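>>> Predicted model and sequence below, questions to follow.
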Amino acid sequence: MELMMREEGKFRILQLTDLHVGSMPFHEHDDLTFNHIKDMTEKANPDLIVITGDLIWSEGVLGPEKSFAELIKVLNELKKPIAITYGNHDSEEGISRSELRKMEEKIDLLVEKKHLHIAKDRASYCVEIKNQHDEVANVLYFIDSGSIDPLGIGTYEFVHPDQVTWFNEVSKQYRNREQDFKKDLLFLHIPLPEYKEAFMEGQVSGQRNESISSPMVNTGLFTSLLLNGHVAGIFCGHDHDNDFVADYHDIRLCYGRISGFQCYGELTRGARVIELSNQQVFETYLIETTKYQDYK
């Protein structure tokens with residue numbers, strides 16, 4: 001399944017993040033999450049839905065594959081292309097990343113994963129968006145940022161050096177496209193260490209209501225993005241009470257907006273919309289629910 005720009009040269013992405021669907025039988029908050037996914041999709045009318053991790057709870061959950069299967073049913077009702085990368089809670093207990101990826105095959109409109117690469121059971125892949133001339137206009141990079149730091153230096157895992165090597169090698173294949181501005185995007189769950197620097201030093205809009213939970217180990221992905229010169233934005237989730245966008249060395253570092261109800265977070269549940277265009281650098285904004293304000 002190819003993803004194509006609309007006739008007017010535009011393409012809209014809906015970023016959902018941190019759904020945190022729980023165990024069955026579902027809590028009423030899980031039902032709110034399912035309804036919220038549908039509401040955000042209707043409101044945004046996207047060409048692609050991206051989910052940046054923590055789709056489900058797995059630790060302490062009996063049969064997390066059952067919860068994921070029910071979420072897939074909801075995603076299939078949307079009748080929109082779906083792209084997924086995982087977070088630190090998706091495979092803590094009872095299910096592995098590879099088992100989750102196998103279950104993804106039940107998603108009716110799962111994106112085609114170009115240049116798929118598995119390192120430490122973490123998937124990296126590309127999604128291509130083509131223009132009306134059947135040329136690759138935008139490349140979306142997806143990198144599974146892992147779970148818990150195996151070195152014990154920090155709390156959360158870092159992008160593996162093998163994943164950085166993958167980006168450097170694969171991005172070379174897209175380097176010769178003619179373009180007047182940066183068009184490519186990167187999606188992952190855990191914010192890169194540069195998010196901390198970007199918030200302190202960059203031009204910032206949005207909220208930072210909790211500490212930025214980046215890994216302590218920096219394996220150099222952001223430097224590779226700078227040297228590549230085609231990546232305009234990075235999108236993550238993970239920190240439920242952050243939703244800021246920070247311009248940093250001509251790359252926008254963006255949080256999504258928490259989309260799940262069965263987890264902590266004071267922000268109104270919503271989603272991030274990303275609008276790509278043949279004419280200008282991407283635009284992005286948040287949409288929020290106008291329902292369920294008393295869910296707590």
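On my side now, so go ahead.
>>> Strands along the stretch 51-200 of the chain, start to end?
82-85, 114-119, 122-130, 136-143, 184-187 (DSSP state E, counting those that start in this stretch).
>>> Just the CA trace of the second one, in CSV.
Just to be clear, that refers to strand 114-119. C-alpha atoms of strand 114-119 as CSV (Å, rounded to 0.1, in the frame of the first residue of the first chain):
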residue,chain,number,x,y,z
LYS,A,114,10.8,-0.1,3.9
HIS,A,115,14.3,-1.0,4.9
LEU,A,116,13.1,-2.9,8.0
HIS,A,117,15.9,-3.7,10.4
ILE,A,118,15.7,-5.5,13.7
ALA,A,119,18.3,-4.8,16.5
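>>> how far out from the middle of the chain is that strand?
16 Å (CA atoms, centre = their mean, to the nearest Å).
>>> Also the longest one?
Once both centres are worked out by CA atoms, centre = their mean, strand 122-130 turns out to sit 12 Å from its chain's centre.
>>> Helices of the stretch 1-150 of the chain, start to end?
28-44, 64-78, 97-104 (DSSP state H, counting those that start in this stretch).
>>> for the shortest one, packing partners?
When you say that, I think you mean helix 97-104. Applying 3 or more CB pairs under 8 Å, 6 or more residues apart in numbering; DSSP states H and E, one finds that helix 97-104 makes contact with helix 64-78, strand 122-130. For every residue, glycine as well, the C-beta is placed using N, CA and C.
>>> Can you list the helices and strands that the first one packs against?
If I follow you right, that is helix 64-78. Helix 64-78 packs on helix 28-44, helix 97-104, going by 3+ CB pairs under 8 Å, 6+ apart.
>>> what's the first one in contact with?
For helix 28-44, contacts defined as CB atoms under 8 Å, 6 or more residues apart in numbering pick out 12, 14, 16, 19-22, 49, 71, 74-75, 77-78, 80, 259-262, 269-271, 273, 287, 289, 291-292, 295.
>>> I'd like the helices of the stretch 1-150 of the chain laid out as TSV, including mean neighbour count.
Formatted as TSV, the helices of the stretch 1-150 of the chain follow (neighbours: other CB atoms under 10 Å):
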stretch	mean neighbour count
helix 28-44	18
helix 64-78	18
helix 97-104	16
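>>> between those, which one is nearest to residue 160?
With CB to CB as the measure, helix 97-104 is the member of these nearest residue 160 (12.7 Å).
>>> tell me how far that closest one is from the chain's mean position?
For helix 97-104, the distance to the chain centre is 17 Å (CA atoms, centre = their mean).
>>> Need the residue closest to the centroid of this protein.
The residue lying closest to the centre of the chain (CA atoms, centre = their mean) is residue 52, at 2.7 Å.
>>> Let's have the strands of the stretch 51-200 of the chain in CSV, adding mean pLDDT and distance to residue 251.
Converted to CSV, those look like this (pLDDT from 0 to 100; distance: least, CB to CB, whole Å):
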stretch, mean pLDDT, distance to residue 251
strand 82-85, 98, 18
strand 114-119, 98, 21
strand 122-130, 97, 18
strand 136-143, 96, 13
strand 184-187, 98, 9
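>>> and among those strands, the most buried is which?
Sort those by mean neighbour count, taking mean count of other CB atoms under 10 Å, and strand 184-187 sits at the top with a mean of 26.
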